[in-house]
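Novice: Just to be clear, the model below is a prediction. Sequence and coordinates:
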Amino acid sequence: MDLSSIPERFSVKKIIGQGNFGVIYKALDTETNENVAIKLIKSRNGIHELQNEVKIISRLQGGDGIPKLIWSSRNSNFYIMELLGCCVNDKFIKQNRVMSSFNFILIAEQLLERLEFIHNRSVIHRDLKPHQLVLGGPKHKTVYLIDYGLSKLFESQNGCHIPYSEGRPFVGTFNYASLNAHLGLQQSRRDDLESYCYILAYFLTGDLPWKINHATQNETAIKKMKLSIKSYEIFGDEVSLGRIFNYVRSLKFDQKPDYRYIQSLLSLYKKKFPNSISQISWKLTRHNSMRKISKKPEKKLKRLKSVNVEKIIDSEDHEMSATKITKEYPEFKTHKITIKKPRITEAPTTDSLKTSRDASCCLF
Ligand SMILES: Nc1ncnc2c1ncn2[C@@H]1O[C@H](COP(=O)(O)OP(=O)(O)OP(=O)(O)O)[C@@H](O)[C@H]1O
């Protein structure tokens, strides 16, 4: 990795993030006195993907939750964007993969808005996963969608949709990819929305039916499960969320999704939680994880109260007591989900957990 070509105006401080493809540095822009993020590719082979990313991000500028592009140049192995905050998935993992329903709803709504926005700008993301959600903006209350290295334009300027095709190399990440992506079909808006459902399921339950960290996880096994999976195996008795999955699975290749319909199903789910909050807060940890709900709600409530005391009291609010929390957020008491878990039977492969990238994918 070569930092020498970074303009002198930017003073590099430290590494703040890393993916398969790039390293993210925090740096100071000495002209504006503001901190920025530099995304530098790990290897020269990634230059094509980086250029694609810069093209796509430029196209998306101005949208809420889209990182602002600060500096880029043709043939450069890095670009510079606004500095964002923490990754939603890192927070989630830190909290033992448990998320409050309030955060869940806010993230689900905002991610849907991001997808509608990028789709309206003719872009499909093609690599949606929880790691791509980063908090930013004032008070870090906005969910940013990042990493457009595998993104693609799905329609031309005159609105002509890319043609349907089969036999495409896999693009995306096994755990969150749509069934069609596994089957080698050309991806379109519906595939982003299927990945959206898997992300929601992961935040809701802390895992996916194919077990995201399972030792025997491989593409064949995941594909096999996605071929026969039913909405209740993903969302349990959360029927409105299950209906989102059924809807996106029913979309035609070039069909424009009805985002309002998906939003209305999210609103149905939201009705269960009347005391909603207006911005993401990590003070509350859980009450709707499929993993942790016992069959006996009264016993569960006792346990939740003690969990609340331990986990809710973080550095931001040491005063908050369990009594106050259960009073203010009665939903802690009520939510119950059951789910039937399918099994994976396939043998392991060495690259089972890797993200696959199609080096040649980009704008058509
Ligand atoms: N603008 C930013 N500000 C702060 N942190 C960022 C920013 N962009 C990325 N990050 C952090 O760096 C991590 C890696 O970034 P990114 O996903 O763009 O890398 P990548 O190599 O393309 O990832 P992948 O493994 O998905 O290919 C992110 O998960 C996030 O935590």
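Specialist: Arrived safely, thanks for sending.

Novice: ok, which stretches of this protein are strands?
Specialist: Ranges of strands within the chain are 10-18, 22-29, 34-41, 69-71, 78-82, 123-124, 133-136, 142-145, 152-153, 172-173, 355-356, based on DSSP state E.

Novice: Please identify the buried residues of the first one?
Specialist: To tie it back to what came earlier, the one meant is strand 10-18. Neighbour-count burial for strand 10-18 flags 10, 16, 17 (criterion: 16 or more other CB atoms under 10 Å). (Each C-beta comes from the backbone N, C-alpha and C, glycine too.)

Novice: How about the second one?
Specialist: With burial defined by 16+ other CB under 10 Å, the residues of strand 22-29 counted as buried are 22, 23, 24, 25, 27, 28, 29.

Novice: I figured the fifth one was touching residue 38, is that so?
Specialist: By that I understand residue 27. Yes - using CB atoms under 8 Å, residue 27 is in contact with residue 38, at 5.3 Å.

Novice: Tabulate the buried residues of strand 10-18 (JSON lines), appending distance to residue 134 and pLDDT.
Specialist: As requested, these are exported to JSON lines (distance: CB to CB, whole Å; pLDDT from 0 to 100):
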{"residue": "10", "distance to residue 134": "20", "pLDDT": "97"}
{"residue": "16", "distance to residue 134": "11", "pLDDT": "96"}
{"residue": "17", "distance to residue 134": "9", "pLDDT": "93"}
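
Novice: Close to the ligand: what parts of the chain are there?
Specialist: 16-22, 24, 37, 39, 67, 81, 83-84, 87, 131, 134, 146-147, 149, 355 (CB under 6 Å from any ligand atom).

Novice: From the residues you listed, list just the buried residues.
Specialist: 16-17, 21-22, 24, 37, 39, 67, 81, 83-84, 87, 131, 134, 146-147, 149, 355.

Novice: Overlap of the contact sets of residue 27 and residue 38?
Specialist: Shared contacts of residue 27 and residue 38, defined by CB atoms under 8 Å, 6 or more residues apart in numbering, are found at 6, 10, 12, 80.

Novice: who's the third one bridged to?
Specialist: In other words, residue 12. residue 27 (DSSP bridges).

Novice: And it, how far from residue 262?
Specialist: Counting by CB to CB, to the nearest Å, the separation of residue 12 from residue 262 is 41 Å.

Novice: Mind picking the two most distant members of the shared contacts of residue 27 and residue 38?
Specialist: Distance extremes for the shared contacts of residue 27 and residue 38: the farthest pair is 12 and 80 at 10.5 Å, using CB to CB.

Novice: Determine the residues that are contacts of both of these two.
Specialist: With CB under 8 Å, 6+ apart, residue 12 and residue 80 have common neighbours 27, 38.

Novice: Report how many residues lie close to residue 182.
Specialist: Using other CB atoms under 10 Å, residue 182 is surrounded by 18 other residues.

Novice: For it, which non-adjacent residue is closest in space?
Specialist: Excluding its sequence neighbours, the residue lying closest to residue 182 (CB to CB, 6 or more residues apart in numbering) is residue 223, at 4.0 Å.

Novice: next one: residue 128
Specialist: residue 195 is the one closest to residue 128 (CB to CB, 6+ apart), at 3.9 Å.

Novice: And for that neighbour, the neighbour number?
Specialist: Neighbours around residue 195, by other CB under 10 Å: 26.

Novice: again, but for residue 32
Specialist: 10.

Novice: Okay, helices next: where are they in the stretch 51-200 of the chain?
Specialist: 88-94, 101-120, 179-182, 189-205 (DSSP state H, counting those that start in this stretch).

Novice: and the ones you listed, which is most packed in?
Specialist: helix 189-205 (a mean of 24; mean count of other CB atoms under 10 Å).

Novice: helices and strands around it, which ones?
Specialist: When contacts are defined as 3 or more CB pairs under 8 Å, 6 or more residues apart in numbering; DSSP states H and E, helix 189-205 packs onto helix 101-120, strand 123-124, helix 179-182, helix 231-235, helix 239-250.
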